[in-house]
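1. Kindly return the folded structure for what I paste below:
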Amino acid sequence: MLLNKDQTINETKKGFYNKTLSMFHYENLPDSLPYIELEKLLQVKGYAFITDRFEGELYAFDGALSGKLDVYGNYNEVIISNPLFQSKTLELNKDCVMIKNDDLCTGLEPLYKKNAIVLTETDLSLMLSNYNSRIQTLISANDDNTIASAKEYLEKLVDGEIGIIAESKLFDSLKVNNKSVNGLSINQLIELQQYLKANVLNEIGLNANYNMKRERLNTSEVEMNTDNLYPFIENMLNNRIKGIEKVNELFGTSIEVEFNNVWKLKKSQLENELELVDEEQEENVEGNETEDES
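-> Here you go, the predicted model:
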């Protein structure tokens with residue numbers, strides 16, 4: 001049975017989201033604002049609106065920007081509609097705060113959807129290639145009797161019995177052709193699958209270095225991908241910090257946000273590496289100054 005494309009794409013996207021929904025750690029969030037609901041809005045929609053204009057509790061909502069435009073084309077209002085509450089039009093930075101997932105509010109949905117579609121197509125090709133690898137010859141026949149005899153012959157072989165074609169006239173109608181397959185091999189499909197998964201993980205700051213070389217990778221080749229991992233997730237963190245600062249200022253809360261789990265560890269490692277680089281540069285400058293004085 002082949003994969004259901006839509007179902008597989010959705011399940012693949014959920015697998016990606018299950019990795020990144022725990023990327024950030026929040027402190028002092030009110031009970032009405034679970035971090036998982038806030039992160040789902042930010043990562044799926046690309047933004048979230050925080051307000052206390054519904055029953056006096058802080059909630060995160062999806063909404064539509066409206067109102068007047070400033071000189072840069074930014075709206076000053078948002079229309080929030082929720083099944084449990086009446087629709088309201090709120091003024092940004094006065095009645096509510098907009099937290100962005102990233103500078104352009106794209107979220108992670110475009111990245112996950114694109115790669116989930118390509119991965120699903122690769123999985124289908126891998127399954128078909130696996131099925132086709134079982135077919136060593138192609139049998140064709142001109143009439144029903146020959147087809148029935150050929151099926152019986154193959155079934156006996158599958159069951160471990162000796163197959164015999166009794167009538168010589170069947171050979172005139174029966175033809176056996178060697179199978180020829182063009183396209184990607186199973187190994188190439190597996191490599192493509194690994195490359196696509198590594199591409200997604202790299203985008204969300206996880207080092208899944210992929211290289212088409214068959215030989216062993218040296219240290220520099222393993223680490224060469226490190227610089228590509230951090231800009232996007234740093235952008236995500238900075239937007240959350242800015243948004244949370246506005247929430248604290250407007251609503252009097254003391255919420256904090258930082259990286260969580262492996263992302264926190266990687267940030268600490270990167271900061272230590274940058275400190276070492278700065279120290280080496282300072283030492284080189286001092287050494288050059290001493291040589292010039294000499």
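
2. got the residue ranges for the helices in the stretch 151-294 of the chain?
-> For the stretch 151-294 of the chain, applying DSSP state H, counting those that start in this stretch gives helices covering 169-173, 186-203, 219-223, 230-251, 261-293.

3. what would these look like in CSV with mean pLDDT and distance to residue 94?
-> All C-beta spots, glycine's among them, are computed from the backbone N, C-alpha and C. Converted to CSV, the helices of the stretch 151-294 of the chain look like this (pLDDT from 0 to 100; distance: least, C-beta to C-beta, whole Å):
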stretch, mean pLDDT, distance to residue 94
helix 169-173, 59, 85
helix 186-203, 86, 35
helix 219-223, 50, 48
helix 230-251, 94, 8
helix 261-293, 74, 33
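
4. closest one to residue 95 among those?
-> Closest approach to residue 95 among these (C-beta to C-beta): helix 230-251, 8.8 Å.

5. Just checking, which helix or strand of this protein averages the lowest pLDDT?
-> Within the chain, no helix or strand scores below helix 219-223, which has a mean of 50 by mean pLDDT, DSSP states H and E.

6. quick one: stretch 58-77 to chain centroid distance?
-> Mean-position distance between stretch 58-77 and its chain equals 28 Å (C-alpha atoms, centre = their mean, to the nearest Å).

7. First-to-last residue distance for that stretch?
-> 18 Å (C-alpha to C-alpha, to the nearest Å).

8. likewise stretch 249-258?
-> Counting by C-alpha to C-alpha, you get 18 Å between the two ends of stretch 249-258.

9. Show me the strands in the chain, by range?
-> 24-27, 47-54, 57-61, 64-69, 75-82, 85-91, 96-100, 137-140, 175-178, 256-259 (DSSP state E).

10. Confidence-wise, which of those strands is weakest overall?
-> Among the strands of the chain, strand 175-178 has the lowest mean pLDDT, at a mean of 62.

11. Tell me who's in contact with the residue nearest the centre of the chain.
-> Central residue of the chain (C-alpha atoms, centre = their mean): residue 112, 4.0 Å from the mean position. Counting by C-beta atoms under 8 Å, 6 or more residues apart in numbering, residue 112 touches 12-13, 16-17, 200.

12. can those go into a markdown table with extra columns for distance to residue 71 and neighbour count?
-> Below are the contacts of residue 112 laid out as a markdown table (distance: C-beta to C-beta, whole Å; neighbours: other C-beta atoms under 10 Å):
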| residue | distance to residue 71 | neighbour count |
| --- | --- | --- |
| 12 | 42 | 21 |
| 13 | 37 | 20 |
| 16 | 37 | 23 |
| 17 | 36 | 16 |
| 200 | 37 | 22 |
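
13. Tell me which two in those are the farthest apart.
-> Among those, 17 and 200 lie farthest apart (C-beta to C-beta), at 11.2 Å.

14. Give me the pLDDT value at residue 122.
-> So, for residue 122, pLDDT stands at 91.

15. Same check on residue 154?
-> 72.

16. and what of the one 5 residues further on?
-> On pLDDT, residue 159 comes in at 74.

17. distance of residue 246 from residue 78?
-> As defined by C-beta to C-beta, to the nearest Å, residue 246 lies at a distance of 14 Å from residue 78.

18. Same drill for the two, tell me which one is more crowded.
-> Each of residue 246 and residue 78 has its neighbours counted (other C-beta atoms under 10 Å); residue 78 has more, 23 against 16.

19. was I right about that one contacting residue 66?
-> Yes. Taking contacts as C-beta atoms under 8 Å, residue 78 lies within contact range of residue 66: 6.8 Å.

20. Between the two, which contacts overlap?
-> By C-beta under 8 Å, 6+ apart, the residues touching both residue 78 and residue 66 are residue 89.

21. ok, and the closest non-adjacent residue to residue 91?
-> Leaving out its chain neighbours, the residue that sits closest to residue 91 by C-beta to C-beta, 6 or more residues apart in numbering is residue 77, at 5.6 Å.

22. which ones are touching residue 90?
-> Contacts for residue 90 (C-beta under 8 Å, 6+ apart) come out as 49, 51, 53, 77-78, 80, 96.
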